[in-house]
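Colleague: sequence and predicted structure are below.
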Amino acid sequence: MKIDKVNINNLLPFNENPYRIREGEELESLLDSISENGIISPLVVRPTEEKGKYEVISGHRRLHAARMLNLEAVPVTVCDVSREEAAIMLVDSNLHREHILPSEKAFAYKLKYEALKSQGKRNDLTSGQPVPKSDDNRTMSVIGENVSESYKTVQRYIRLTNLVPELLELVDEGKIALTPAVELSYLTDEQQYALLGTIEEEERTPSFSQAVRFKKLSQSNELDRLL
């Protein structure tokens, strides 16, 4: 593929990019590397409807570092792909990173799920695990196969996107485990915020059995009077 140089002002972040750019040693190491050697691996981008502008598929951290170093232009590889294809490329290029937060994985799986569903491709040609009966679960099976996770695990992570940001942050911090977090995701936003207040007041988080009970009470419209 042809490598071009593009002004960083003409590069736009991918809308709904699930991966965060975090400060720390990794970013400092990247800054040092670019300062000494420049950007070795070109960013992968796709053209936007606005002439001369490109949407970043892979390389958001490199672009962030380039801005911090006041670089004017960066090397890119332009791929003429659809929004759905770009979303899948974005997710797949980052899922094998060493440090991925549960929230990042949750929104990444959701992004890829929606892209695959939008493409309307067959999702029953997986191998290595039983093929689920429903179309939704077959799509999740395709997602999980790429990272050696079951469709049920993918389903659980996608459920996390229903948590309010403050509870999801507790999951990222390791204060709420995945399984109780999934159960809490079935509560309404109002119930989740009420629960958050209780968590802050009592300085402890729900166990799995407690989360299951909260879910059942929510479904029977009995939780509001307890929170």
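Modeller: Noted; the coordinates are in hand.

Colleague: neighbouring contacts of the longest helix anywhere in the chain?
Modeller: If you go by DSSP state H, the chain has its longest helix at helix 102-119. For helix 102-119, the surrounding residues in contact (Cβ atoms under 8 Å, 6 or more residues apart in numbering) are 16, 18-20, 83-85, 87-88, 90-92, 94-95, 100, 123, 136, 139-140, 142-143, 154, 157-161, 168-169, 171-172, 178, 181. Where you see a C-beta, it was placed from the backbone N, CA and C, and this is true even at glycine.

Colleague: following the chain onward from it, which element is next?
Modeller: helix 135-145 (DSSP states H and E).

Colleague: so the residue nearest to Pro206 when sequence neighbours are not counted is in which element?
Modeller: Closest residue to Pro206 apart from its sequence neighbours, by Cβ to Cβ, 6 or more residues apart in numbering: Pro180 at 5.5 Å. Secondary structure from DSSP H and E places Pro180 in helix 178-184.

Colleague: now for that helix, which elements pack on it?
Modeller: helix 151-159, helix 165-172, helix 208-219 (3 or more Cβ pairs under 8 Å, 6 or more residues apart in numbering; DSSP states H and E).

Colleague: which one, of these, ends up nearest to Arg67?
Modeller: helix 165-172 (24.9 Å; Cβ to Cβ).

Colleague: before we move on, the earlier item: mind putting the helices and strands packed on helix 178-184 in TSV, mean neighbour count and mean pLDDT included?
Modeller: Shown next, in TSV, are these (neighbours: other Cβ atoms under 10 Å; pLDDT from 0 to 100):
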stretch	mean neighbour count	mean pLDDT
helix 151-159	21	95
helix 165-172	17	97
helix 208-219	16	94
